[in-house]
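Peer 1: quick one, structure for this:
(one chain, ligands or ions: 2)
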Amino acid sequence: MFKKVLIANRGEIAVRVIRACQELGIKTVAVYSEADEHSLYTTLADECYCIGPPQASKSYLNIERIMTVAEKTGVDAIHPGYGFLSENPKFAKACEDRGIVFIGPPVEAIESMGSKINAKRIMKNAGVPVLPGREDPIEDPNEVIEVAEEIGYPVIIKASAGGGGMGMGVAYNKQELIETIESTKSIAQSAFGDSTVFIEKYLEKPRHIEIQILADKYGNVVHLGDRECSIQRRHQKLIEEAPAPIMTEELRVKMGEAAVKAAKAINYHSAGTVEFLYNNGEFYFLEMNTRVQVEHPITEIITGCDIVKEQIKIAAGEKLSFTQEDVEIRGHAIECRINAEDAVNDFIPSPGKIKHYRSPGGPGIRLDSGVYGGAEIPPYYDSLISKLIAYGRDRNEAIARMKRALSEYMILGVITNIPFHKAVVEEPDFIKGNISTHYIDDHAEYLK
Ligand SMILES: Nc1ncc2cc(-c3cccc4ccccc34)c(N3CC[C@@H](N)C3)nc2n1
Ligand SMILES: [Ca+2]
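Peer 2: Ligands and ions are numbered 1, 2, ... in the order given. The predicted structure is shown next:
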């Protein structure tokens, strides 16, 4: 097992990884920018080093500075968390070149899943259901018009180097298709330096259901069930839950098998998530995320599995200590992402100093927080303050506990989206489980 690990991240996920390391008896090294000098995670780590000014490009995205600290402190491994360098193959490679274990998947897996066209082609060949369309780059618009007519409008044009909703355009007819190809190509070129785009059938109101995977370095792959992540705004998830309200035992087995097949197809190891679109009974591969995700705690709570500890053990060369038969889903968990943003004012970020802070608690409540009373929320990074998770024996109990915890949670000094979350957990459609990726748009009036 590792003796010392560097956490190349900040905020609540840095706290989360430090906690997992402490439980495994591993020493921790934190890195921080000048904006995070007095943050919670730096006080919990055994050692901490400043790696630069607040701008992410000069700190949390600066591979050389992180490597310098890693080598100076003699760490055995680096955990990238999520975001920042977590899905950057160059970072994973830089670790390996220095004999430092990257706590994540093989470099090749990060690379292949980073190309959405490549990922789709691999999954289709592996027998994983994919949306109708083509898995090769669009060259000749006329040929694409034929494909669009074959699969039927509406169609969606997606950037292969995109992901998480960046670089997508929907076309409802031939005219729009030609325009959408051009506009998506130019966005892709300027955003990712790669104008490769592809076409697929557009689903009007799908649900976003994802499967959590754990795979060791010896070919053992298990899934830890499903999560519903449809309540998003501009591709930023706000509320996630496990299991998905529409999930049945039979569908979970089918989606779980597809996700395990996907992981095996790319010789995956570590924690990973296979994202699917679900549409009246059918599900289709969307993307594979080669990192631990923000919403991993809801899966931890209903399975009893510590995903971050499993990741560390896998990276250290241990075999999975359980099989698929051992995985049991019990109860229901909901996560609300608590952001320093003003939901009433178009969700604009609201950085600043937390003047008063009182955490919720009691039965079924878990709070993964990156802050404390008096902490500064900097404007340089995403606005996530903490994740409030409520567990119940069933979905109604989880909702009742979330409602209670949201009313207990007090954060004064910055504006948060707690009022938004309170409105959602009382909204009739949400309570009935009638949610899709258009939930927020469809309930904008109610959620004001
Ligand atoms: N063929 C087809 N049909 C409908 C889709 C709808 C979305 C989508 C669009 C808007 C919000 C979403 C929220 C969760 C999941 C997907 C979405 C979508 N996304 C959004 C982010 C990226 N993961 C892909 N791809 C789609 N692809
Ligand atoms: Ca993704």
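
Peer 1: the helix or strand hosting Arg65 - contacts with which helices or strands?
Peer 2: Element membership for Arg65, per DSSP states H and E: helix 63-73. In this structure, helix 63-73 packs against strand 4-7, strand 27-33, strand 47-52, helix 89-97, with contacts taken as 3 or more C-beta pairs under 8 Å, 6 or more residues apart in numbering; DSSP states H and E. Glycine gets a C-beta too; all of them are placed from N, C-alpha and C.

Peer 1: mean pLDDT and mean neighbour count added to the ones you listed, as CSV?
Peer 2: What follows is the helices and strands packed on helix 63-73, written out as CSV (pLDDT from 0 to 100; neighbours: other C-beta atoms under 10 Å):
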stretch, mean pLDDT, mean neighbour count
strand 4-7, 99, 26
strand 27-33, 98, 23
strand 47-52, 98, 18
helix 89-97, 98, 18
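
Peer 1: out of those, nearest to ligand 2?
Peer 2: helix 89-97 (14.9 Å; C-beta to the ion).

Peer 1: quick one: the helix holding Arg65 to strand 47-52, angle?
Peer 2: If you take axes from the mean of the first three to the mean of the last three C-alpha atoms, to 10 degrees, helix 63-73 sits at 150 degrees to strand 47-52.

Peer 1: Provide the contact partners of helix 63-73 at residue level.
Peer 2: 4, 6, 8, 29, 31, 47, 49, 51-52, 59-60, 78, 85, 88, 90-91, 94-95, 98, 100 (C-beta atoms under 8 Å, 6 or more residues apart in numbering).

Peer 1: find the residue at the geometric middle of this protein.
Peer 2: Gln293 (3.5 Å; C-alpha atoms, centre = their mean).

Peer 1: what is the neighbour count of the residue nearest to that one when sequence neighbours are not counted?
Peer 2: Spatial nearest neighbour of Gln293, excluding adjacent residues (C-beta to C-beta, 6 or more residues apart in numbering): Thr273 at 5.4 Å. Thr273: 23 surrounding residues under other C-beta atoms under 10 Å.

Peer 1: just checking, Thr273 is part of a strand?
Peer 2: Yes - counting by DSSP: H, G, I helix; E, B strand; the rest coil, Thr273 is found in a strand.

Peer 1: doesn't Glu210 make contact with it?
Peer 2: Yes - when contacts are counted by C-beta atoms under 8 Å, Thr273 is listed as touching Glu210 (5.0 Å).

Peer 1: which residues does the closest residue to Val221 other than its chain neighbours bridge with?
Peer 2: Spatial nearest neighbour of Val221, chain neighbours left out: Ala215 (4.2 Å); criterion: C-beta to C-beta, 6+ apart. Bridge pairing for Ala215 (DSSP bridges) gives the partners Val221, Ser270.

Peer 1: how near is Arg121 to Gly133?
Peer 2: From Arg121 over to Gly133 the distance is 11 Å, taken as C-beta to C-beta, to the nearest Å.

Peer 1: quick one: which of those two has more around it?
Peer 2: Gly133 (23 against 17).

Peer 1: the more buried one contacts Lys201, doesn't it?
Peer 2: Yes - Gly133 is in contact with Lys201 according to C-beta under 8 Å; the separation is 5.9 Å.

Peer 1: what is in contact with these two at once?
Peer 2: 151, 155.

Peer 1: how about the closest residue to ligand 1 within the stretch 51-200 of the chain, nearest residue that isn't a chain neighbour?
Peer 2: For the stretch 51-200 of the chain and ligand 1, the shortest gap (C-beta to the nearest ligand atom) falls at Gly165, measuring 3.5 Å. In this structure, Gly165 finds its nearest non-sequential neighbour in His235, 3.0 Å apart by C-beta to C-beta, 6+ apart.

Peer 1: again, but for Gln324
Peer 2: Val222 (4.9 Å).

Peer 1: what about the one you found, how many neighbours?
Peer 2: 23.

Peer 1: who's in contact with it?
Peer 2: Here Val222 is in contact with 213-215, 260, 320, 322-324, 327 (C-beta under 8 Å, 6+ apart).

Peer 1: do Met410 as well
Peer 2: 356-358.

Peer 1: what comes up buried for stretch 39-47?
Peer 2: Buried residues in stretch 39-47, counted by 16 or more other C-beta atoms under 10 Å: 39-42, 44-45, 47.

Peer 1: report the distance from the helix or strand where Asn142 lies to the chain centre.
Peer 2: Using DSSP H and E, Asn142 sits in helix 141-151. Computed by C-alpha atoms, centre = their mean, to the nearest Å, the separation of helix 141-151 from the middle of its chain amounts to 33 Å.

Peer 1: after that helix, which helix or strand is next?
Peer 2: Counting by DSSP H and E, what follows helix 141-151 is strand 155-163.

Peer 1: what angle separates that following strand from helix 141-151?
Peer 2: Going by the same axes, to 10 degrees, strand 155-163 makes 110 degrees with helix 141-151.

Peer 1: number of residues surrounding the residue nearest to Val221?
Peer 2: Ala215 has 25 nearby residues by other C-beta under 10 Å.

Peer 1: same thing with Asp326?
Peer 2: Neighbours of Asp326 using other C-beta under 10 Å come to 12.

Peer 1: and it, how far is that from Pro243?
Peer 2: Taking C-beta to C-beta, one finds Asp326 at 17 Å from Pro243.

Peer 1: what comes into contact with stretch 421-434?
Peer 2: Contacts for stretch 421-434 (C-beta under 8 Å, 6+ apart): 231, 238-239, 245-246, 334, 336, 338, 388, 395-396, 399, 402-403, 406-407, 435, 439, 442-443, 446-447.

Peer 1: what's the residue of the stretch 101-250 of the chain found nearest ligand 2 in contact with, if anything?
Peer 2: Distances between the stretch 101-250 of the chain and ligand 2 by C-beta to the ion are smallest at Gly163, namely 4.3 Å. Shown in contact with Gly163 (C-beta under 8 Å, 6+ apart): 114, 116, 287.

Peer 1: need phi/psi at the nearest residue to Pro349 once chain neighbours are set aside.
Peer 2: Among residues not flanking Pro349 along the chain, Ser383 sits closest, at 4.6 Å (C-beta to C-beta, 6+ apart). Dihedral pair for Ser383: phi -90, psi 10, per degrees, to the nearest 10.

Peer 1: just confirm Ser383 contacts Arg337, I think it does.
Peer 2: No - between Ser383 and Arg337 there is no contact under C-beta under 8 Å: 9.2 Å.

Peer 1: the contacts of Val222 in helices, which ones?
Peer 2: Val260 (DSSP state H).

Peer 1: so for the most far-flung residue of the chain relative to its centre, what's the pLDDT?
Peer 2: The outermost residue of the chain, judged against the average C-alpha position, is Asn142 (36.4 Å), by C-alpha atoms, centre = their mean. According to the prediction, Asn142 has pLDDT 87.

Peer 1: what's the local residue count around Lys432?
Peer 2: Neighbours of Lys432 (other C-beta under 10 Å): 9.
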